[in-house]
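Novice: Predicted coordinates and the sequence they were generated for:
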Amino acid sequence: MKRLLSNLIFSGLAGAALIAAAGSALAQTAWVLPSAYPPANYHVQNLSQFASDVDAATKGALKINIHPNASLFKAPDIKRAVQTGQAQAGEVLISLHENENPVFGIDVVPFLATSFDQSKKLWAASRPAIEKALDAQGLKLLYTTPWPPQGIFTKKDVNGVADLKGLKWRAYNVGTSRIAEIVGAQPVTVQAAELPQALATGVVNGLMTSSATGVDSKIWESLTHYYDTQAWIPKNVVFVNKAAFAALDPAVQKAVTDAAAAAETRGWGLGAEKTAAYMETLKKNGMQVVEPSADLKKGLGEVGAKLTEDWLKKAGADGAAILDAYKKM
């Protein structure tokens, strides 16, 4: 009887251990990752592939749920949401946060880096400083993806910067606000998700943005001209709350960083590939895609020189070190 009881107890304990082990094996971590851009945008498609790669590499141990189109948090609020743990990870246009630290605005200094090759070098030069700044805010940098070069959308001919005066100019960061101030336009803060409505209602009638945002917002329904100024190549960064990352098993952490490295390589390729396609879409929908005149280039160059000087004053030694490193590449 005692032996039978002992066997039953042993069997029960063994069964409980097996159930606990199975429960542990099936345990799943879920992350929320908000983005401000629509599902069809290549940044979000890259995010979705990143999440899928993590899911596959971890055999479902980490699920990353993407929330696009500012459906969870508006663009300026995403970074803070990740810092405070309301979301585990996020994607933002890093220059949105230049007021927090000037290094976040390095990629929107006009005419500093105007090609993808130049932009990649600028990212290599600035990444350590940006990574350090994010780390101090409780965030771990995962990867970055560039936008197409920035051009000017209007509903009229623009032959020089004087023609920008008086426009209701869409601003989305420090740099675009300063451009408006310098050329005499009226800056109006509008983030990507609100841009179609702002265009349709006449809240803005001029802006400097990428061909990608132009296509996302069907800008041809409101404006007529696109000047391919290639002023700068802004970047989105994807990051994770450091505490959320630290809570992962080391093997899962490696899966995340490996998938992030692949997403960065893929994202830079997509940026270059999509640029030509977006330009064709603008043309097919009736936009006049125009090369900027010599006068417009000259005027924008003067604006760029002023903004570079302003940025260096704010960024100090860190900014000078980034520019020195960039110029040596």
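Specialist: Ah, there it is. Numbering: from 1, shown residues only.

Novice: Quick check, central residue of the chain?
Specialist: Geometric centre of the chain, nearest residue: N236, 1.7 Å, by Cα atoms, centre = their mean.

Novice: who does the host helix or strand of that residue pair up with?
Specialist: For N236, the host element (DSSP states H and E) is strand 235-241. Strand 235-241 pairs in its sheet with strand 89-93 (antiparallel), strand 139-146 (antiparallel), by DSSP bridges.

Novice: Kindly compare burial across those and name the winner.
Specialist: strand 89-93 (a mean of 27; mean count of other Cβ atoms under 10 Å). Quick note: C-beta positions are derived from backbone N, CA and C, even for glycine.

Novice: Show me what the mean pLDDT comes to for that strand.
Specialist: Averaging pLDDT along strand 89-93 yields 97.

Novice: and the next element down the chain from it?
Specialist: Of the helices and strands lying after strand 89-93 in sequence (DSSP H and E), the nearest is helix 116-136.

Novice: Report the buried residues of that following helix.
Specialist: Neighbour counts over helix 116-136 (16 or more other Cβ atoms under 10 Å) mark 116, 119-123, 125-126, 129-131, 133-134 as buried.

Novice: Stretch 43-53 now?
Specialist: H43, V44, Q45, N46, L47, S48, Q49, F50, A51, D53.

Novice: what's the burial count for N99?
Specialist: Neighbour count for N99, taken as other Cβ atoms under 10 Å: 11.

Novice: Just the pLDDT for it.
Specialist: 93.

Novice: now it, nearest residue through space, not along the chain?
Specialist: V174 (6.2 Å; Cβ to Cβ, 6 or more residues apart in numbering).

Novice: Next, the contact list for the one you found, please.
Specialist: Residues near V174 by Cβ atoms under 8 Å, 6 or more residues apart in numbering: S95, E98, N99, G105, V108.

Novice: ok, A81 - contacts?
Specialist: P34, L72, F73, A87, G90.

Novice: Work out for me the element it sits within.
Specialist: Take DSSP H and E as the rule and A81 turns out to sit in helix 75-83.

Novice: Make sure I have this right: L223 is in a helix.
Specialist: No: counting by DSSP: H, G, I helix; E, B strand; the rest coil, L223 falls outside a helix, being coil.

Novice: Could you give the number of residues near V183?
Specialist: For V183, using other Cβ under 10 Å, the count is 20.

Novice: Skipping adjacent residues, who's closest to it in space?
Specialist: Using Cβ to Cβ, 6+ apart, the nearest residue to V183 is L164, at 4.3 Å.

Novice: The one you found: neighbour count?
Specialist: L164 is flanked by 24 other residues according to other Cβ under 10 Å.

Novice: Please report how far it lies from L47.
Specialist: Shown here: L164 relative to L47, a distance of 34 Å by Cβ to Cβ, to the nearest Å.

Novice: Please apply the same query to T114.
Specialist: From T114 over to L47 (counting by Cβ to Cβ), the distance is 26 Å.

Novice: G301 too?
Specialist: 35 Å.

Novice: and if you look at P76?
Specialist: The spacing between P76 and L47, counted by Cβ to Cβ, is 19 Å.

Novice: Check Q28 and give its pLDDT.
Specialist: Looking at Q28, its pLDDT stands at 89.

Novice: quick one on the thing from earlier: separation between the residue nearest to the centre of the chain and V44?
Specialist: Following Cβ to Cβ, the distance that separates N236 from V44 is 10 Å.

Novice: Then V290?
Specialist: Counting by Cβ to Cβ, the gap from V290 to V44 is 29 Å.

Novice: ditto for K74
Specialist: From K74 to V44 the distance is 16 Å (Cβ to Cβ).

Novice: Count the neighbours of E221 for me.
Specialist: For E221, the neighbour count with other Cβ under 10 Å is 11.

Novice: do A325 as well
Specialist: Residues within reach of A325, counting by other Cβ under 10 Å, total 16.

Novice: surely it meets A125?
Specialist: Yes: using Cβ atoms under 8 Å, A325 makes contact with A125 at a distance of 4.0 Å.

Novice: Please name the nearest non-neighbouring residue to D310.
Specialist: Nearest one to D310, counting by Cβ to Cβ, 6+ apart, is R178 at 6.9 Å.

Novice: Surely that neighbour is in contact with W311?
Specialist: No: using Cβ under 8 Å as the test, R178 is too far from W311 to be in contact (9.4 Å).

Novice: These two - which one has more neighbours?
Specialist: Taking other Cβ under 10 Å, R178 and W311 do not tie; W311 has more neighbours (23 against 19).

Novice: Work out the gap between whichever helix or strand that one is part of and the centre of the chain.
Specialist: Using DSSP H and E, W311 sits within helix 294-327. Offset of helix 294-327 from its chain centre (Cα atoms, centre = their mean, to the nearest Å): 21 Å.

Novice: again, but for stretch 158-173
Specialist: Relative to its chain's centre, stretch 158-173 lies at 24 Å (Cα atoms, centre = their mean).

Novice: Pull out the buried residues from it.
Specialist: In stretch 158-173, counting by 16+ other Cβ under 10 Å, buried: V158, G160, V161, D163, L164, L167, K168, W169, R170, A171, Y172, N173.
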